[in-house]
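Enquirer: the following comprises the amino acid sequence and a computationally predicted model.
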Amino acid sequence: MGAMDAFSRTFTLVIQNKKLYLLPLVMSLILAPLSAYMVGNSPFLQNNPLQSNQTHSGDVIIEEHGSLAGETTHMSEFLKILAIYGVIALVLSSIFQYSVIKGLLKSSTDSEYSLFELAVDGIKHFPGVLILNLIFTLISLLLVALPLLLVGIGVILGGAGLILVILGLLLLILVATLSLSLTVLPVPIYAEKGSLGPAFEALGFIYSNMKTAMVFGLLIFMILMAIEVAAAPISMITQITASKEVSMYVSALAQAPLDALLYFFVWSAGVALYRELRRLEDLKKVDMELDELGLEF
């Protein structure tokens, strides 16, 4: 029931705080043309990396590929551009994530807030959000590494490793859903407590409520996939109808509202999960106190 309660509360938060959607929408509208310009226009993606010419010498066919040095240069430039864009995206997402979550927390106490004040608050606290997201993403990747290792060993062993492959895939699903819940939890704690230390309570919350966290992560994953599926036709239509020069920009801008909805939903899910897990922990403490007093209800 805990996972379903948190899941339904996520929709309630989204519906009751519709104006907060404007914050991730602004972020998505900034990142959309930026990604199209910086990443989409990269020569590494625009050019065919292997331009081959064939010269015949007797019965021997010699394939001469495009300059390896040129390809390496394009790849190096692409990775630099990707890194720069990644830093910009991380900073902006950290700012707006804190702003939205702070607004959701304030709405629960009927506190007045303005979007501008929330944005300023996000700018002040984005370093903490960035640090937490990086740390908990790293923890999640380490958790996912174990089942992937089992799958890899199973593939190497061939038929004899089929059991390891199946076990690894099942474990991967469980760990992935758990990791999704883990990554959305720290920032709401940080926004409420005001310091980084308490945010690491997320590890204890997840450990004490693994079943709830897994089910909730699975439900959130299904919603995210539904949003991605809804966004796919937009890209296809723009690729068909728009010219190559503008299709990337049109596609990115057209998908921006759905990207914003995805961000808004995930950040709201973090707040909903935090409230539910905190409620469950409070109930456990009450039960322990009653047990110590020898009382049963």
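Expert: Yep, it's here.

Enquirer: please name the spatially closest residue to residue 98 (chain neighbours excluded).
Expert: Ranked by C-beta to C-beta, 6 or more residues apart in numbering and with sequence neighbours excluded, the top spatial neighbour of residue 98 is residue 122, at 4.3 Å. (Glycine included, C-beta is placed from N, CA and C.)

Enquirer: was I right to think that neighbour contacts residue 97?
Expert: Yes: counting by C-beta atoms under 8 Å, residue 122 touches residue 97, with 7.5 Å between them.

Enquirer: the more surrounded of those two?
Expert: residue 97 (28 against 23; other C-beta atoms under 10 Å).

Enquirer: secondary structure class for the more buried one?
Expert: With DSSP: H, G, I helix; E, B strand; the rest coil as the basis, residue 97 sits in helix.

Enquirer: model confidence for it, exactly?
Expert: With respect to pLDDT, residue 97 has a value of 96.

Enquirer: identify the residues contacting it.
Expert: 122, 129, 133, 187, 263, 267 (C-beta atoms under 8 Å, 6 or more residues apart in numbering).

Enquirer: can you tell me the element the last one falls in?
Expert: When you say that, I think you mean residue 267. Assigned by DSSP states H and E, residue 267 belongs to helix 244-292.

Enquirer: quick one, strands of the protein?
Expert: Secondary structure of the chain by DSSP state E: the strands cover 53-57, 60-64.

Enquirer: hmm, residue 218 is touching residue 178, no?
Expert: No: taking contacts as C-beta under 8 Å, residue 218 lies outside contact range of residue 178: 9.5 Å.

Enquirer: those two: who's more crowded?
Expert: Per other C-beta under 10 Å, whichever of residue 218 and residue 178 has more neighbours is residue 178, with 22 against 18.

Enquirer: residue 136: neighbour count?
Expert: Look at residue 136: counted by other C-beta under 10 Å, it has 21 neighbours.

Enquirer: ok so, going back, which of the contacts of residue 97 are buried?
Expert: 122, 129, 133, 187, 263, 267 (16 or more other C-beta atoms under 10 Å).

Enquirer: of all these, which comes closest to residue 249?
Expert: For these, the closest approach to residue 249 (C-beta to C-beta) belongs to residue 263, at 20.2 Å.

Enquirer: and which of the buried ones among the contacts of residue 97 is nearest residue 174?
Expert: Distances from residue 174 to these, taken by C-beta to C-beta, are shortest for residue 133, at 22.4 Å.

Enquirer: check what pLDDT the closest one gets.
Expert: Reading off the model, residue 133 has pLDDT 94.

Enquirer: can you pull the contacts of it?
Expert: Residue 133 neighbours (C-beta under 8 Å, 6+ apart): 90, 94, 97, 183, 186, 187.

Enquirer: now swap in residue 36 and tell me
Expert: Residues counted as contacts of residue 36 (C-beta under 8 Å, 6+ apart) are 248, 249, 251, 252.

Enquirer: can you list those in TSV and add neighbour count and distance to residue 214?
Expert: Listed next are the contacts of residue 36 as TSV, based on neighbours: other C-beta atoms under 10 Å; distance: C-beta to C-beta, whole Å:
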residue	neighbour count	distance to residue 214
248	22	38
249	18	40
251	21	35
252	24	34
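
Enquirer: between those residues, which sits nearest residue 160?
Expert: Distance to residue 160, by C-beta to C-beta, is smallest for residue 251 among those, at 46.1 Å.

Enquirer: name the nearest residue to the closest one, ignoring sequence neighbours.
Expert: Once flanking residues are discounted, residue 251 sits nearest to residue 238: 4.0 Å by C-beta to C-beta, 6+ apart.

Enquirer: okay, now that neighbour: neighbour count?
Expert: So residue 238, with other C-beta under 10 Å, has 19 neighbours.

Enquirer: which residues sit in contact with it?
Expert: Counted by C-beta under 8 Å, 6+ apart, residue 238 has contacts 247, 250, 251, 254.

Enquirer: I'd like to know how far the second one sits from residue 36.
Expert: Summarising the geometry, the distance separating residue 250 from residue 36, computed by C-beta to C-beta, to the nearest Å, is 9 Å.

Enquirer: equivalent analysis for the third one, please.
Expert: Distance from residue 251 to residue 36, counting by C-beta to C-beta: 8 Å.
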